[in-house]
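# here is my input; please provide its structure:
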Amino acid sequence: MADILLICYLRTARRKARTVATAEALSLLRDLYAAAPAGGPLSEQGGLFWVTLPAEMLEMAIARLPLLGYTYAVDMLEPVQEQYSSFDRPQEALAHLVRWHRKLYRLVRIYEEDAEALRESAPDRRAFLLRTGDGVVRSIRGYRGDGQPLGRRGLPVCDARLLVNLVSASTGTQFLDPFAGIGGIVIEALASGCVVTSVDVDTALQVGLTHLGASHQVADARCLPFEDGAFDAIATEPPYHEEAKHMVVEALHEMCRVLKVGGKLAILCAATQADALREEAVTLGLRSYLDSLIDRKGLEVVVLAWHLVQKAP
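The predicted model follows:
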């Protein structure tokens, strides 16, 4: 059967992150023979990209599309027989037709995210079990971190999904987030079917992270309590503050130690940390497959993703 073409629409807040969104989609559909052509219909609109895959893989692809972070909707091109002129077609029908390579196609919406459900799952809406200063565990709605320089904010859902997808996480994947914070990445990794382990040095988060369903450890990311090569995939968002740079680089060593050869690692870091991580990655046997700047409402961050091709001596 012939390949089909999908048009993927980037969410407004990540409209400029086309390279990242494309890499995410290809990683999510990695085993379905997906590819990303350089061009396609509606290119004049911007804020979109294209993916091709064999028609027989469409049903499996549709089942995965709700896991996407940077894509909010997907259309499929369906060929149309030109039996009568466009003047005979209702305006509503014309709005869903495009011409590409001199042929006419219908746009068929095969996925569109549930905006309300996404909003309710955002860090400022969801509840989290937090151990407060008096030692009592309380359900706190909208908790987004302690506000300290080395603390982590609540990660937007779209970014958490992105990181999970970039490391090809799926059912049965042994997955680690060593800077778990309030568990945004943990939630999305569990939704992908992973066997999830979370780590955070903050004891106040222990009950809340355990409650999410992961195996949780209170530990420093620079000294992880796991055996060498224990995990298939690691994705995380470390603290952005300048004071954290050296700590994050040290943690990269530990992440490589507990990652299997052939495994994948993705980090969303502050732009000011990226150079140090790039330099260290070379010495650790990591091979980059994504390195891209993302502007998150004025905050510049970088997504770095690597394969571990060999263990450092």
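# give me the element Gly135 is part of.
Under the assignment given by DSSP states H and E, Gly135 is not contained in any helix or strand.
# contact partners for it?
Contacts for Gly135 (CB atoms under 8 Å, 6 or more residues apart in numbering) come out as none. Just so you know, the C-beta spots here come from the backbone N, C-alpha and C atoms, and that holds for glycine as well.
# quick check, pLDDT for it.
Looking at Gly135, its pLDDT is 86.
# what does Gln81 give?
77.
# ok, it - contacts?
Going by CB under 8 Å, 6+ apart, the list of residues near Gln81 is empty.
# any idea how far it lies from Lys103?
The gap separating Gln81 from Lys103 is 10 Å, by CB to CB, to the nearest Å.
# now do stretch 23-37: everything it contacts.
For stretch 23-37, contacts defined as CB under 8 Å, 6+ apart pick out 5, 8, 22, 49-54, 57, 60-61, 64, 67-71, 161-162, 165-168, 289-290, 292, 305.
# any idea how far apart the tips of it sit?
End-to-end distance for stretch 23-37, by CA to CA, to the nearest Å: 12 Å.
# same check, this time on stretch 21-40
End residues of stretch 21-40 are separated by 16 Å (CA to CA).
# give the buried residues for stretch 31-47.
Across stretch 31-47, burial judged by 16 or more other CB atoms under 10 Å covers 32, 34, 36, 40-41.
# gap between it and the chain center?
Its chain's average C-alpha position is 19 Å from that of stretch 31-47, according to CA atoms, centre = their mean, to the nearest Å.
# what's the span of it, first residue to last?
From its first residue to its last, stretch 31-47 covers 25 Å (CA to CA).
# list the contacts for Val80?
If a contact means CB under 8 Å, 6+ apart, then Val80 has 97, 104-106 as its contacts.
# rerun at 10 Å
Taking CB atoms under 10 Å, 6 or more residues apart in numbering, we find Val80 in contact with 89, 93, 96-99, 103-106.
# and Gly47, by the same measure?
Residues in contact with Gly47 (CB under 10 Å, 6+ apart) are 8-12, 14-16, 18, 21.
# for Ile234, same thing?
By CB under 10 Å, 6+ apart, the residues touching Ile234 are 163, 167, 169, 174-178, 185, 197, 224, 252, 254-256, 258-260, 263-267, 306, 308.
# restricted to helices, list those.
Residues of the contacts of Ile234 located in helices (DSSP state H): 163, 185, 252, 254-256, 258.
# highest neighbour count among these?
Most neighbours among the ones in helices among the contacts of Ile234, by other CB atoms under 10 Å: Ile185, with 31 neighbours.
# quick one: the closest residue in space to Pro225 that isn't next to it in sequence from Ala204, how far?
Nearest non-adjacent residue to Pro225, counting by CB to CB, 6 or more residues apart in numbering: Ala219, 5.3 Å away. Computed as CB to CB, the Ala219 to Ala204 distance reads 14 Å.
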